[in-house]
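Peer 1: sequence unavailable; structure follows:
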Ligand SMILES: [Cu+2]
């Protein structure tokens, strides 16, 4: 278990030091095993975690946002563009809607029992309902979204961002979705599959030395480690 945590931490540092995953990076995105988005806004912070659902399509989404007001509905979505470095949530553009569901339906109404036919890919709140906070201003929510993926070009969440909205639809907080792999992509030629991870502690160590992981990447890695330990 401990070895697994370390491997994940090193891989996380390497991955986030490399680049945000784009839709076209299929070789990399096919090997993503977890994705995270840290969202920030004025007085608001939160994190979104995306994990595969064993035996099912889609991803399991776990959300924890602080700094909200109790008794208010906060919609949240995947937006098309990445958030720029200045944190401007408006620059993330519109909702991820690869199949043009909203433009095709004048009266858009996401029916979570028919998500591919009626919901924008990015309409997480359409599937799960809006975020609502407790008396401490904290909202937590976990749900399975049946249509989002890591590796499919049409349905991938990678290369996009998360936006949490106020009830009037103005943008309250946002952050980029970052994918994490267990292995350094640059060594992918000599490895296949995650089963390599167990026996790879030497390799992982040397990857870390040469990856030049930034402090931001290390922070992300520590966050992952904390999450892994919590499990
Ligand atoms: Cu939105």
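Peer 2: Arrived safely, thanks for sending. Model, not experiment: these values are computed from the prediction.
Peer 1: just the strands in the chain please.
Peer 2: Under the criterion DSSP state E, strands of the chain are mapped to 34-41, 44-52, 59-66, 76-79, 139-145, 161-165, 171-180.
Peer 1: run through this structure and note the low-pLDDT ranges.
Peer 2: Low-confidence segments of the chain, defined by pLDDT under 70, span residues 1-29, 182-231.
Peer 1: how about the residues of it near the ion?
Peer 2: Residues of the chain found near the ion (CB under 5 Å from the ion) are 77, 163. For the C-beta atoms, the positions are set from N, CA and C on the backbone; glycine is no exception.
Peer 1: ok, back up a step: a markdown table for the strands of the chain, including mean neighbour count?
Peer 2: Shown next, in a markdown table, are the strands of the chain (neighbours: other CB atoms under 10 Å):
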| stretch | mean neighbour count |
| --- | --- |
| strand 34-41 | 21 |
| strand 44-52 | 19 |
| strand 59-66 | 19 |
| strand 76-79 | 25 |
| strand 139-145 | 17 |
| strand 161-165 | 26 |
| strand 171-180 | 23 |
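Peer 1: possible to save those as TSV with distance to residue 151?
Peer 2: Output for the strands of the chain, formatted as TSV (distance: least, CB to CB, whole Å):
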stretch	distance to residue 151
strand 34-41	11
strand 44-52	10
strand 59-66	11
strand 76-79	15
strand 139-145	15
strand 161-165	19
strand 171-180	10
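Peer 1: quick check: which of these is nearest to residue 96?
Peer 2: Nearest to residue 96 among the strands of the chain is strand 76-79; the distance by CB to CB comes to 4.4 Å.
Peer 1: hey, what's the residue in the chain that the ion sits nearest to bridged with?
Peer 2: Closest to the ion within the chain is residue 77: 3.4 Å, counting by CB to the ion. Taking DSSP bridges as the rule, residue 77 bridges to residue 163.
Peer 1: just the helices in this structure please.
Peer 2: Counting by DSSP state H, the chain has helices at residues 2-18, 26-29, 101-104, 115-118, 124-128, 201-211, 215-230.
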